[in-house]
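A.B. asks: show me how the following folds:
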Amino acid sequence: MNTLTKTDKLGYALLLIIFAYGAYLGISSPEAFNTSFAEEDGSVEYGTAFMLLCISLLSVYRLFSLGKWKPHLWKLGVFIFFVLFLFGAGEEVSWGQRIFGIESSEFFTENNAQKETNLHNLVVGGKKLNKIIFSQLLMVVMVLYLIVTPLLYRRMAWFKNLADRFAVPIVKWHHTIAFLLATGIVAIIPADRKWELYELAFGVIFFLIFLNPLNSFVYQKD
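C.D. replies: From the prediction side, this is the model:
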């Protein structure tokens, strides 16, 4: 079913408020947007990390609470999501480096664009990995996941069985619409750090997807 749950409504309401203010500030005062609203180590960035961490914790909870009733491929899929989103949360805040005042190693000082302990700002051959992998490649993956995957799931039995077997959460159309709307709003904001707001939308919407996907039955006892 594609009906909105109470959690969906709460999540979208939160995004609506944040995006309305962010769009207003980003258009009327890009400098204030960059230096206060979406600043480094600000509430938007930490909000993204928190949502990614919530997805990771949700995955590990499901792994331990349902794992004994599920086959190995299901457990493998959920474990991959746990690791993937834990990695994303850690990268978002440079693995707590600035929070705990940890100095970067010589490798990251010399090869990281921001001299931080993370992979997405590494510079390889004069190009940031963030642009090559974490932006361009991720965008392709996002389009496939949000638009192509739900179509295949509804029309191809083999794909449906494969996704369910690996516990891949399938988006509902309102998730796709929400992401497209967020993309449109971010696109018109001239501020340089507008992508921080986009990442927050990613975190919130993906948490809603994982919490109540189209194939939510895969997260129930067999």
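
A.B. asks: show me what contacts F64?
C.D. replies: Applying Cβ atoms under 8 Å, 6 or more residues apart in numbering to F64 gives no contacts. All C-beta atoms are positioned from the backbone trio N, CA, C, and that covers glycine.

A.B. asks: how near is Q97 to G47?
C.D. replies: 18 Å (Cβ to Cβ, to the nearest Å).

A.B. asks: check A89 too.
C.D. replies: According to Cβ to Cβ, A89 and G47 sit 11 Å apart.

A.B. asks: next, count neighbours for F87.
C.D. replies: Using other Cβ atoms under 10 Å, F87 has 14 neighbouring residues.

A.B. asks: flag every buried residue along the helix or strand hosting it.
C.D. replies: Using DSSP states H and E, F87 falls within helix 72-92. Residues of helix 72-92 classed as buried: 74-75, 77-78, 81-82, 85-86, 88-92 (neighbour count, 16 or more other Cβ atoms under 10 Å).

A.B. asks: as a markdown table, those residues with pLDDT would be great.
C.D. replies: As requested, these are arranged in a markdown table below (pLDDT from 0 to 100):
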| residue | pLDDT |
| --- | --- |
| W74 | 97 |
| K75 | 97 |
| G77 | 97 |
| V78 | 98 |
| F81 | 97 |
| F82 | 97 |
| F85 | 96 |
| L86 | 95 |
| G88 | 89 |
| A89 | 92 |
| G90 | 88 |
| E91 | 82 |
| E92 | 83 |
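
A.B. asks: nearest to Q220 among those?
C.D. replies: If you rank the buried residues of helix 72-92 by distance to Q220 using Cβ to Cβ, W74 comes first, at 11.5 Å.
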